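Trainee: what follows is a predicted protein model with its sequence.
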Amino acid sequence: DAAIPKVGTFMMDMLVMALACELSPVASLQWTDTEAKHTFPWLGLNQHHHFYQHDGGFRPVECEQIMTWYSEQHAYLLQAMDAVDMGGHTLLDESVVYFGTELAQPPTHGKADMPFLLAGGGGGLRGGRFLRNEGIADPSHNNLLVAILNLFGDERQTFGDPAHCTGPYAGLT
């Protein structure tokens, strides 16, 4: 577990280089599986993430420490992508980076008001805004995922189970 920050940095650096060298147009980085059973000794946390979310009772202070660390890693990835000159623009300018989680309310496994962060300018993504799914009954993150596909020319109108996708989320460009 103690090696996770170092290995994670190596993985992000390789991901950036693979994208910059056009070895792949798409990349994915997942820090852990859904059980999140690794510890965080570099944060002084000797229990696993799942423990702080609900196995040991919800511990918001520890959860915030963990999510802050993940956010710092995300910032590192974005900065690395923004440092790659692709001929008058950066790798980040031509990319969409999706940062998310599978839980909005850890103690209950709730998914209402799920936060997601999009960064970059690929496909015309317009950043610098906070968007909310106001007025949509039972919004699904599938709407966001299909909207991301649409940014890059994929014209489909649903993603995943159509029962959980009412169409692309509007307003990303």
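Mentor: Great, that's in hand. Numbering: from 1, shown residues only.
Trainee: ok, for F99, nearest residue in space, not its chain neighbours?
Mentor: L117 (4.2 Å; CB to CB, 6 or more residues apart in numbering). C-beta: built from backbone N, CA, C; applies to glycine.
Trainee: same thing with A83?
Mentor: T90 (7.2 Å).
Trainee: identify the bridge partners of that neighbour.
Mentor: D85 (DSSP bridges).
Trainee: I'd say it and D82 touch.
Mentor: Yes. With contact defined as CB atoms under 8 Å, T90 reaches D82; the gap is 4.9 Å.
Trainee: got phi/psi on the most centrally placed residue in the chain?
Mentor: Nearest to the geometric centre of the chain sits F99, at 1.3 Å (CA atoms, centre = their mean). Dihedral angles of F99 (phi, psi; degrees, to the nearest 10) stand at phi -120, psi 120.
Trainee: so who does it touch?
Mentor: When contacts are counted by CB atoms under 8 Å, 6 or more residues apart in numbering, F99 touches 71, 74, 116-119.
Trainee: quick one: it from M114, how far?
Mentor: Remark: distance between F99 and M114 (CB to CB, to the nearest Å) = 12 Å.
Trainee: who are the contact partners of Q65?
Mentor: By CB under 8 Å, 6+ apart, the contact list for Q65 reads 40, 43, 45.
Trainee: buried sites along the strand or helix carrying it?
Mentor: Assessed by DSSP states H and E, Q65 sits inside helix 60-82. For helix 60-82, the neighbour count (16 or more other CB atoms under 10 Å) marks 62-63, 66, 69, 73-74, 77-78, 80-82 as buried.
Trainee: show residues contacting the least confident helix or strand in the chain by mean pLDDT.
Mentor: Lowest on mean pLDDT, DSSP states H and E among the helices and strands of the chain sits helix 49-50, with a mean of 90. Outside helix 49-50, the residues that touch it by CB under 8 Å, 6+ apart are 32, 35-38, 40, 63, 66.
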